[in-house]
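Engineer: Generate a structure from the sequence data that follows.
(2 chains)
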Amino acid sequence: MSSSNSPYKKLVSKRIEIKESLIRFFFMINGYVAVLFLLLIFIFLLQEAFSVIIEPGVEDFVYSERTDASGESSKVYEWYPTSDDPRYSLVPLIMGSLLTALPATIIATFFGIILGIYLAEIASNRLREILKPAVELFAGIPTVVMGFFIIAVGATLFQDFFGFLNRLNAFVASLGLSLIIIPIIASLSEEAMRSVPIQRRMASYALGATKWQTIIKVVIPSALSGISAGIILGFGRAIGETMIVLMATGNAAELTFDIFRSVRTMTATIAAEMGEVSQQSSHYYALFFIGVVLFVVTFLLNLIAALVLRRMNKKAGNYS
Amino acid sequence: MKRFHKLLIYSVFIVLTFVSCQKRQNRAKEVISIKGSDTMVNLTQKWAETYMKKFNDLSIHVTGGGSGTGVAALLNGTASIANISRELKEREYKNAHERGIEPYQIKVALDGIAIIVNPENNIDTLLVEQVRDIFSGKIRYWSEVGGAEERIVLYGRENSSGTYEYFKNIILDDKDSDYSIDFATSTQVLQGTSALGEAVALDKRGIGYGGVGYFVGRKDLKIIHIKEGDSKLAVSPTHDGELNYEIIRNGEYPLARYLYCFTNGEPKEGALKDYIDFILSAEGQSIVEQMEYIPLIDFSKDEQQ
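Structural biologist: The predicted model follows:
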């Protein structure tokens, strides 16, 4: 190439170089912005919530001393932020979140893994190509639509059959939540099972195992870390979900262990009260404190899931 | 040449954008924003509609959210009028003064709070004390007040609602001692009076409360008569499926309250004052009656005279 060291070509290559480095810089900025925003949100939450730790005090988020009409004082676990004698116990709200998220995760684990097994091991390729996008599409249904469906159809149905005391209760909400997290668990378990090397299945068949035995004894144990990551992510999603629980739990901030009673979750409390609270009041900061609790819980759950998934990928890498 | 074309097209677009902005600015209507009480949202919307038909150059935005939202909007300066279905508390006045806001209170209508149950419930009358014990969780079975052997299911409003505050002050709080009683923790919280009506209509064990205008004439709800003492007569805010204005206005019904509009300082002139004058005029108050609230002007007396 005779023209390779002509001054014109040099100029062009320099221009391209600058252009490329600019583009690279732009993409890099976009990458870091995500991390930056996460940090900023966390700092903002902490800063707002910190004021509350100074004013009402941390132990107020667990219980408050209250003297009843007869003058006896006792510990109460109640959420009454606007009362003349405000009480900020998060215990009933945390209990409410657990009472909806745990049953939802249990239900979704059962159905999600079954769906995952079917997609990964049993369904034909053609069927899987239809089913998998359908399952993923299901996860994209707006949660307010799901909430509407569950209170209009689900709640009435259960009320007619079982006659629970509260038409809207933790169980009805957890059914709605499980519909949201089944796709998460199903698609992660399916991916985990599909990444199990074919040689293992072959070895199992060669030893005379049936398909069922192979799935239960070989495929699932090998895919266990992926499946558990799915379950953890699903649980995190259930804890953080707002609209369904706001609509379907009945929102009674009662400390109860009965899954068929009305409960109120942390997310629903923020959603229902944030718009109406006057800024810089103790109630306002208390809501931020709930936000911090939620943020930390979901962050930890996501972190655990990421670590489990990484371990699984490493393991898979070693075998293949 | 191509570049020139592009430039030309872009500049035309930019100029057009600026021109269109200018036009809109010139045409911009005067805006009154009203925020607050869910109880008053229907009424305020009707007022706004009627008023906007008369004055085309004015636009009125109405949003609900509860009296707490109204107070917050007043304090943060995000609304010209705050609808609040209770009086302001001392600490709210203090808070406002600290921010340099002078809440100005205007009574705009009267409202009765009705206590509702499902029509399947055989209870018609409750004593005020019984209502207090039911909503504070002391009475838990309908049989304790002469009803069926069933649990009582409580329905209430969110804690930012003016109806919540009012009901708590009038019914729950003990006037003799300073002890404040809260609603039972098992009270289910519903967003808005109409949602509450729906919930009680679906639950034969349910009991709830709310502005009587939302429940009057409904076949799927029953409005309870209230007695202030054993010797007194039981009164209901309705009579034969219609509002009983007499009993609410003369204070015989214990659960009647004023509805307020709050502004920052007394409105002296301009669109805001004209709008408030309209609300308080005979026409504005006839809308109050039309919407099943109780007007400040007694129309029945005017007819008699």
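
Engineer: Buried residues, the strand or helix carrying A:L301. List them.
Structural biologist: Per DSSP states H and E, A:L301 falls inside helix A:282-319. Along helix A:282-319, these residues count as buried under the neighbour rule (16 or more other C-beta atoms under 10 Å in any protein chain shown): A:282-295, A:297-298, A:301-302, A:304-305, A:308-309, A:312, A:316. From N, CA and C alone the C-beta is placed, and that goes for glycine too.

Engineer: near chain B, which of the residues you listed show up?
Structural biologist: The subset of the buried residues of helix A:282-319 within reach of chain B, by C-beta under 8 Å from any C-beta of the partner chain, is empty.

Engineer: A helix includes B:N159, no?
Structural biologist: No - counting by DSSP: H, G, I helix; E, B strand; the rest coil, B:N159 is not found in a helix; it is coil.

Engineer: check contacts around it.
Structural biologist: Under the criterion of C-beta atoms under 8 Å, 6 or more residues apart in numbering or on different chains, the neighbours of B:N159 are A:80-82, A:273, B:68, B:189.

Engineer: farthest-separated two in those?
Structural biologist: Longest distance between any two of these is 14.2 Å, between A:Y80 and B:G68; criterion C-beta to C-beta.

Engineer: one step back: between the contacts of B:N159, which is nearest B:G284?
Structural biologist: Proximity of these to B:G284 (C-beta to C-beta) peaks at B:G68, which lies at 25.4 Å.

Engineer: Show me what from the stretch 101-250 of chain B comes close to chain A.
Structural biologist: When proximity is defined by C-beta under 8 Å from any C-beta, the stretch 101-250 of chain B lies next to chain A at B:151, B:153-154, B:158-160, B:174, B:177, B:179-180, B:182, B:185-191, B:199, B:202-203, B:205.

Engineer: Write out the residues of the stretch 201-320 of chain A neighbouring chain B.
Structural biologist: In this structure, the stretch 201-320 of chain A approaches chain B at residues A:250-255, A:261-262, A:264, A:272-273, A:275-279, judged by C-beta under 8 Å from any C-beta.

Engineer: List buried residues within those.
Structural biologist: By neighbour count, with 16+ other C-beta under 10 Å, those hold A:250-255, A:261-262, A:264, A:272-273, A:276-278 as buried.

Engineer: Paired strands for the helix or strand bottoming out on mean pLDDT in chain A, with orientation please.
Structural biologist: Lowest on mean pLDDT, DSSP states H and E among the helices and strands of chain A sits strand A:64-67, with a mean of 74. Strands that pair with strand A:64-67, judged by DSSP bridges, come out as strand A:73-76 (antiparallel).

Engineer: What mean pLDDT does whichever strand or helix holds B:K35 get?
Structural biologist: Using DSSP H and E, B:K35 falls within strand B:30-36. The average pLDDT within strand B:30-36 is 87.

Engineer: so does that strand get close to chain A?
Structural biologist: No - Strand B:30-36 is not in contact with chain A by C-beta under 8 Å from any C-beta; minimum separation 9.8 Å.

Engineer: My guess is B:S236 contacts B:I226. True?
Structural biologist: Yes - shown here, B:S236 and B:I226 form a contact pair, counting by C-beta atoms under 8 Å, at 7.4 Å.

Engineer: Give me the common contacts of these two.
Structural biologist: B:Y253.

Engineer: Who has more neighbours out of those two?
Structural biologist: Counted by other C-beta atoms under 10 Å in any protein chain shown, B:S236 and B:I226 do not tie: B:I226 has more neighbours, with 23 against 19.
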